[in-house]
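Q: just need the structure, nothing else, for what follows:
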Amino acid sequence: MAGFADIFCSLYKSSRKVKTGVSLFLILAVGVFAFSGCQKAGPGLSKAVAVDVRPDITLPKPEDRDIVTVSLVGDIMVHSDQLAAAHNKCSGKYSFEGFFTEVKPFLSSADLTIGNLETTLAGRSKGYTGYPKFNSPQEILQALRWSGFDVLTTANNHAMDRKKDGVLKTIDYLDAAGIKHTGTFSSAAERNEPLIIDIKGLKIGILAYTYGTNGLEIPRGSEYLVNLLNPERVREDIRKAREKGADIILVNPHFGVEYRRSPNEAGQRLVEELFASGADIVAGSHPHVLQLMTRRDGQKDMEGFFAAYSLGNFISAQMDQYRDSGVILNFKIEKDPASGKARLIEANYIPTWVHVYRENGKIAFRVLAVEKAIRDYEQGLDKKLTEKDYIRLKQVWLETTSLLSGPLAPDIYHI
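A: Next up is the predicted model:
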């Protein structure tokens, strides 16, 4: 796409503690982007992650402004091995809390945490299954709510895995769990009402769409069930969200090519269309691997647009290289009470990895914050990690940071 690469700049790598762990920070200053040289990691990872860089950059004082923090993750999946890990044979019940214990402090610290639920919750009578047609116990929602999730998007290629009844049951379980959702709907009226979350007076419109449903037909007359990617529909939804007072529009498109670590031209064009239609933040899913993050200057109230083409897998049983990892993408957004303008003032990502191990004679899963897990192993604090796990953690760190520090990465700042 001509000129598209011009919107990207170089990344500056460093680290910062975030309450219970350390993450890489990307500061996007208000319309002003100071450039720093690249600091390359040395041969020892522990040295690289200990660096504390403070560039000469002044941010507006926040005394009279409310700062809203938003965290996003990629695909939340439940494969057959995860079903086995969560199942208690004695009670017959399922418990998924252990999957998220280690990352709960990161997820629950945000004002708003969002993930993509890539499974259906159609009930036990429909049979619990993993790939290729997913149906998971509703107990997964209890664990997600407990760990900090506030909103789940449901528009993805597995939305129709248990047909119309599965869509409706999933919505019912989400409502019962107290989790907001968008992407699939129980009626046309519900579909036409954009999801807007009001936090500290900042209104965030959240929209979700999918490229398709794996060839599973949406019943005629029930097209409202699943939001399919359609440029005209997206523009109209964004318009409605703005009319409802949305200060920021966040779009979650389920799109792209599976297992490819870079967006294709069609994906790049789609993101451009979303920006042109009024989206401020685009956070994609579906490839099951991490893809580029991009930033470009804006002409609207928000000082610039931000796109993450794919946040990777947050939790799944896909253990191949790149598919076993993702990021928690965090934003800080502020709204000036005087002007009413909202702007993205900071973004950061925390690399994550799905640890698969044996515990009490059966398979177990947990999501780990990579840098914290590396340090815990080095300090002897996590006895569940093996040397092989430690090696993989360091690989994930390098895979993630090298991808996000390439020539197509956004301006990155650290404080």
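Q: can we go C-alpha only for contacts and neighbour counts from here?
A: Will do.
Q: who's in contact with Ala369?
A: Counting by C-alpha atoms under 8 Å, 6 or more residues apart in numbering, Ala369 touches 21, 102-103, 350-353.
Q: distance check, it against Gln291.
A: Ala369 is 18 Å from Gln291, where distance means C-alpha to C-alpha, to the nearest Å.
Q: same thing with Asp172?
A: Computed with C-alpha to C-alpha, the distance linking Asp172 and Gln291 is 33 Å.
Q: help me confirm that Trp397 is found in a helix?
A: Yes: Trp397 sits within a helix when classified using DSSP: H, G, I helix; E, B strand; the rest coil.
Q: quick check, pLDDT for it.
A: pLDDT for Trp397: 96.
Q: same check, this time on the one 4 residues further on
A: Note for Thr401: predicted pLDDT of 94.
Q: so which elements touch the longest strand seen in the chain?
A: Longest strand of the chain, by residue count under DSSP state E: strand 342-359. Contacts defined by 3 or more C-alpha pairs under 8 Å, 6 or more residues apart in numbering; DSSP states H and E place strand 342-359 against strand 21-26, strand 313-315, strand 325-335, strand 362-369, helix 370-378, helix 387-403.
Q: can you give me the angle the fifth one makes with strand 362-369?
A: For helix 370-378 and strand 362-369, the angle between their directions (axes from the mean of the first three to the mean of the last three C-alpha atoms, to 10 degrees) works out to 120 degrees.
Q: what are the contacting residues of stretch 183-198?
A: By C-alpha under 8 Å, 6+ apart, stretch 183-198 touches 153-155, 159, 167-168, 171, 181-182, 203-209, 222, 224-227, 237, 240-241, 246.
Q: please repeat the previous calculation with a cut-off of 7 Å.
A: For stretch 183-198, the external contacting residues (C-alpha atoms under 7 Å, 6 or more residues apart in numbering) are 153-155, 167-168, 182, 203-209, 224-227, 237, 241, 246.
Q: in strands, which of those residues appear?
A: Judged by DSSP E, the subset of the contacts of stretch 183-198 located in strands is 153, 182, 203-209.
Q: counting neighbours, which of these comes out on top?
A: Ala208 (29 neighbours; other C-alpha atoms under 10 Å).
Q: which outside residues touch stretch 164-182?
A: Residues outside stretch 164-182 that contact it (C-alpha under 7 Å, 6+ apart) are 120-122, 138, 141-142, 145, 150-154, 159-160, 184, 186, 195, 207-208.
Q: likewise for stretch 275-286?
A: Contacts with stretch 275-286, where a contact means C-alpha under 7 Å, 6+ apart, come from 74-75, 235, 238, 248-256, 258, 305-312.
Q: can you show me the strands along the stretch 151-300 of the chain?
A: 151-153, 180-182, 195-199, 202-210, 248-254, 281-283, 293-296 (DSSP state E, counting those that start in this stretch).
Q: avg pLDDT for the first one?
A: Just to be clear, that refers to strand 151-153. Strand 151-153 shows a mean pLDDT of 99 in the predicted model.
Q: partner strands of that strand, parallel or antiparallel?
A: According to DSSP bridges, strand 151-153 forms sheet pairs with strand 112-117 (parallel), strand 180-182 (parallel).
Q: just name the most buried of the ones you listed.
A: strand 112-117 (a mean of 25; mean count of other C-alpha atoms under 10 Å).
Q: any idea which helix or strand comes after that one?
A: Downstream of strand 112-117, the first helix or strand assigned by DSSP states H and E is helix 139-147.
Q: where does this structure dip in pLDDT?
A: Where the chain drops to pLDDT under 70, the residues are 1-65, 297-304, 406-415.
Q: and if we set it to 90?
A: Low-confidence segments of the chain (pLDDT under 90): 1-66, 294-305, 336-340, 343-347, 404-415.
Q: residue at max distance from the center of it?
A: Distance to the chain centre peaks in the chain at Cys90, reaching 34.5 Å (criterion: C-alpha atoms, centre = their mean).
Q: quick test: name the residue nearest the centre of this protein.
A: Ranked by distance to the mean C-alpha position of the chain (C-alpha atoms, centre = their mean), the top residue is Val73 at 2.1 Å.
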